[in-house]
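Engineer: this one's structure only:
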């Protein structure tokens, strides 16, 4: 009788292991296409940053994040965890790839994250480039002239 119990427990263990392996493989295939997961993971790494928009690469392994105050962020799926970073202004270089649907990005503070990232369309790639370039030229808040200011026409 005890052999039957042990055999049943062993069979249940094999079934649970099989299901766990299948779920892990499915998670690796999905990457960061699930925007909800990307938001949760980025917020876990940077709880004080407000996310405005996300754009995943075509393969879903990388997500570029548009943050408040024209800052940008970056997430890469690293199998069982995610590498997240906020890109500091002036610390990234961006070039268009040869396909037109991608960007070659060099992170000056994290060169191990450098690479060429392909998007589903040239429009998505150009939008991410604008985020990164906006991050590059972002200036601290300054007081803008008002219409009542007689020197307003001279400020552009």
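Structural biologist: Now that the structure is in, tell me what you want to look at. The structure presented is a predicted model; accordingly, all values stated were derived computationally and were not measured.

Engineer: now do the helices in the protein.
Structural biologist: 2-30, 35-45, 122-137 (DSSP state H).

Engineer: outside of the last one itself, list whatever touches it.
Structural biologist: Where contact means C-beta atoms under 8 Å, 6 or more residues apart in numbering, the residues beyond helix 122-137 that reach it are 53, 55, 64, 66, 70-72, 87, 89-90, 92, 94, 96-97, 100-103, 105, 117-119. From N, CA and C alone the C-beta is placed, and that goes for glycine too.

Engineer: just give me how far that helix sits from the chain centre.
Structural biologist: 13 Å (C-alpha atoms, centre = their mean, to the nearest Å).

Engineer: i'd like the first residue to be 19 from this point on
Structural biologist: Noted, 19 is the first residue going forward, which turns the last one into helix 140-155.

Engineer: give the rounded mean pLDDT of that helix.
Structural biologist: Per-residue pLDDT over helix 140-155 has a mean of 81.

Engineer: contacting residues around stretch 111-129?
Structural biologist: Contacts of stretch 111-129 with the rest of the structure, by C-beta under 8 Å, 6+ apart, involve 76, 92, 103, 105-106, 109-110, 131-140, 142-143, 146-147, 150-151.

Engineer: buried among the residues you listed? Need that as a selection in ChimeraX.
Structural biologist: Per 16 or more other C-beta atoms under 10 Å, the buried members of the contacts of stretch 111-129 correspond to this ChimeraX selection:
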select :76,92,103,105,110,131,133,135,136,137,142,143,146,147,150
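
Engineer: thinking again about what came up before, single out the most deeply packed of the helices of the chain.
Structural biologist: helix 140-155 (a mean of 17; mean count of other C-beta atoms under 10 Å).

Engineer: specify the residue ranges that define each domain of the chain.
Structural biologist: Here the chain is described, according to automatic domain parsing, as comprising the domains 19-48, 50-155.

Engineer: lowest mean pLDDT across those domains, which one is that?
Structural biologist: Among these, domain 19-48 scores lowest, with a mean of 74.
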